[in-house]
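>>> Dropping a prediction and its sequence here:
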Amino acid sequence: MRFVFSPPAEAASGLLDLPWHEPLEEWSDERLVEIRQRGLSRHPVRFVSEAGVVYALKELDTRLARREYRLLRRLRDLGLPAVEVVGIVVDRPGLDAILVTRFLDHSSSYRALFANTRYGHPVDRLQDALVELLVRLHLAGFMWGDCSLSNVLFRMDAGAFAAYLVDAETAELHPSLSEGQRRYDIDLARERIAGELFDLRAAGTLPAVDPVGIADGTVHRYDALWDELTREEILHPDDQRHRIAERLRRINALGFDVDEVELVDAGPGGARLRVRTRVAEPGHHRRILMARTGLGAQENQARRLLNDIAGYRGHLERVKGGPVPEVVASNMWLAEVYERVVRAIPAGLRDRLDEVEIFHEILEHRWFLSERTGRDVGTSEAARDYFASVLPTVPEDLTETGRPPS
């Protein structure tokens, strides 16, 4: 039996004494936990909590396990949204290999999102998140071969969703994808999505929507985003600079970066614009927020918090009657606003959402209360009301600790 763990291997060293010599479905270790409303899997999957971290263990053919291990590591190197691969256990006498990944904290399956009324009608947000993930993968030359809602985990990102790939056992990585390879992935995704939504309808958890229409709409959204990011266009000499700047702004607004801009002479009519879109994980606002405050956040969350910092800076300048340096305002906001709110989160509710998402929701709740009362409700007052009336409605952590029932 051999254990191969990705660095830093120390993080998973506590997993070494699990009963690897037994079939995964027969384990009864006290560290096993259940994940509520998890996605479907064609292979045995169990979850283990070790030192406060939840790991997903999947038992599958050794060849497929090795392949998925390599692909997930490559996705990590490319900065693409996917679960973090921790290691692989092979050469188990008479048994398949086990792939170990880290469970994505504060994530939900699509089934959990549809089952909870708090998320309202999540179809549009799920479509946008899935389409963005698939486009990023395709730009990187990654042919998924198994795109479906079941193979994605979703995290809240300032009211939107961010999608993360979970399963890569059928995937292929190429320098670039042909049109046929992309269409195969898209057509398969359409079929899988429609089938999964029909399953939700049968279970009574799907709103009054057409599963086939949603699947078709997902393909249309994919095509529109792909076209915006990759199409060539003819530019007239008189407005080349303006048109290029406008195109780049649209691409940036979609959360993508531009790696290269190429202008090819197209004769008297102007030039042909070719834009090479960078596939690395976006993070303009995340990087700014990290530099100013040390807070780690997702992109939409970071944008929202930076707006709040800007508003706080304006407040400080009005109070002081003069300009306040950005670094000073950011540090004062962190200490006087953000950290005060975070410290006040009730202990029993702290794990419902990540701290940055809770703060974002409090800002949204502050706006709602201010509109309702006709006055500016402060962040502290909004936080108290949010902790009492909103946060308790958020579903509990998806993990249930303790030995699963036998």
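That came in fine, so what should we check first? Worth saying up front: this structure is predicted, and the values here are computed from it rather than measured. Residues are numbered from 1 along each chain as shown.

>>> C-alpha from now on. contacts and neighbour counts both.
Noted.

>>> Return the alpha-carbon coordinates of stretch 71-85 using PDB.
Taking C-alpha atoms only, stretch 71-85 is exported to PDB below (Å, rounded to 0.1, in the frame of the first residue of the first chain):
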ATOM      1  CA  LEU A  71      -5.500  16.600 -13.500                       C
ATOM      2  CA  LEU A  72      -6.700  18.200 -10.200                       C
ATOM      3  CA  ARG A  73      -3.100  19.100  -9.400                       C
ATOM      4  CA  ARG A  74      -2.800  20.700 -12.900                       C
ATOM      5  CA  LEU A  75      -6.000  22.700 -12.300                       C
ATOM      6  CA  ARG A  76      -4.600  24.000  -9.100                       C
ATOM      7  CA  ASP A  77      -1.400  25.100 -10.900                       C
ATOM      8  CA  LEU A  78      -3.500  26.900 -13.500                       C
ATOM      9  CA  GLY A  79      -5.500  28.700 -10.800                       C
ATOM     10  CA  LEU A  80      -8.800  27.200 -11.900                       C
ATOM     11  CA  PRO A  81     -11.800  26.700  -9.500                       C
ATOM     12  CA  ALA A  82     -11.700  23.000  -8.400                       C
ATOM     13  CA  VAL A  83     -11.600  21.100  -5.200                       C
ATOM     14  CA  GLU A  84      -8.100  20.800  -3.700                       C
ATOM     15  CA  VAL A  85      -6.500  17.400  -4.200                       C
END
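
>>> packing partners for the longest helix along the chain?
The residue-count maximum for a helix in the chain (DSSP state H) belongs to helix 179-203. Helix 179-203 is packed against strand 142-143, helix 211-230, with contacts defined by 3 or more C-alpha pairs under 8 Å, 6 or more residues apart in numbering; DSSP states H and E.

>>> Try it again at 6 Å.
If you count contacts as 3 or more C-alpha pairs under 6 Å, 6 or more residues apart in numbering; DSSP states H and E, helix 179-203 packs onto helix 211-230.

>>> which residues touch the helix it packs on?
Q127, V131, R190, I193, A194, L197 (C-alpha atoms under 6 Å, 6 or more residues apart in numbering).

>>> now, which of the residues you listed sits nearest M290?
V131 (26.9 Å; C-alpha to C-alpha).

>>> Tell me, how many residues neighbour the closest one?
23 (other C-alpha atoms under 10 Å).

>>> Could you check which helix or strand contains it?
helix 123-139 (DSSP states H and E).

>>> what's the answer for I288, then?
Using DSSP H and E, I288 falls in helix 284-293.

>>> What average pLDDT does the following helix or strand past that helix get?
Proceeding N to C from helix 284-293, the next assigned helix or strand is helix 299-320, under DSSP H and E. Here helix 299-320 scores 83 as its mean pLDDT.

>>> can you give me how far the helix holding V131 is from the chain middle?
Centroid displacement of helix 123-139 relative to its chain, using C-alpha atoms, centre = their mean, to the nearest Å, is 10 Å.

>>> and it, which residues are buried?
Judged by neighbour count (16 or more other C-alpha atoms under 10 Å), helix 123-139 contains these buried residues: 123, 126-139.

>>> which stretches of the stretch 151-300 of the chain aren't confidently modelled?
158-159, 235-243, 245, 252, 255, 257-284 (pLDDT under 70).

>>> mind listing the helices for the chain?
Using DSSP H, helices in the chain cover 62-78, 110-115, 123-139, 179-203, 211-230, 240-253, 284-293, 299-320, 326-333, 339-343, 355-373, 379-389.

>>> Need those in CSV (columns: distance to S28).
CSV is the format used below for the helices of the chain (distance: least, C-alpha to C-alpha, whole Å):
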stretch, distance to S28
helix 62-78, 23
helix 110-115, 26
helix 123-139, 35
helix 179-203, 30
helix 211-230, 39
helix 240-253, 49
helix 284-293, 41
helix 299-320, 39
helix 326-333, 48
helix 339-343, 37
helix 355-373, 33
helix 379-389, 37
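
>>> Count the neighbours of D308 for me.
Neighbour number of D308 under other C-alpha under 10 Å is 18.

>>> pLDDT on the helix holding V131, on average?
Helix 123-139 comes out at a mean pLDDT of 89.

>>> likewise stretch 385-398?
In this model, stretch 385-398 has an average pLDDT of 82.

>>> And stretch 61-69, by the same measure?
91.

>>> Quick check: buried residues in it?
Buried residues in stretch 61-69 (16+ other C-alpha under 10 Å): D61, T62, L64, A65, R66, E68, Y69.

>>> In contact with the most centrally placed residue in the chain, which residues?
When C-alpha atoms, centre = their mean is applied to the chain, the residue found nearest the centroid is A162 (3.1 Å). By C-alpha under 6 Å, 6+ apart, the contact list for A162 reads A129, F154, R155.

>>> From A253, how far out is R292?
R292 sits 22 Å away from A253, going by C-alpha to C-alpha, to the nearest Å.

>>> quick one: which of these two has more around it?
Applying other C-alpha under 10 Å to R292 and A253 shows that R292 carries more neighbours, namely 17 against 10.

>>> Identify the residues contacting that one.
With C-alpha under 6 Å, 6+ apart, R292 has no contacts at all.

>>> about what we covered before: could you export the contacts of helix 211-230 as a markdown table, including distance to D308?
Formatted as a markdown table, those follow (distance: C-alpha to C-alpha, whole Å):
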| residue | distance to D308 |
| --- | --- |
| Q127 | 28 |
| V131 | 29 |
| R190 | 39 |
| I193 | 37 |
| A194 | 40 |
| L197 | 38 |
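
>>> Widest-spaced pair of these?
Farthest apart among those - using C-alpha to C-alpha - are V131 and L197, which lie 16.3 Å from each other.

>>> Which pLDDT value belongs to the closest residue to L305 other than its chain neighbours?
In space, and not counting its chain neighbours, L305 is closest to H360: 7.2 Å by C-alpha to C-alpha, 6 or more residues apart in numbering. Per-residue confidence at H360 stands at 90 (pLDDT).

>>> Give the burial count for H360, as a bare number.
Neighbours of H360 using other C-alpha under 10 Å come to 20.
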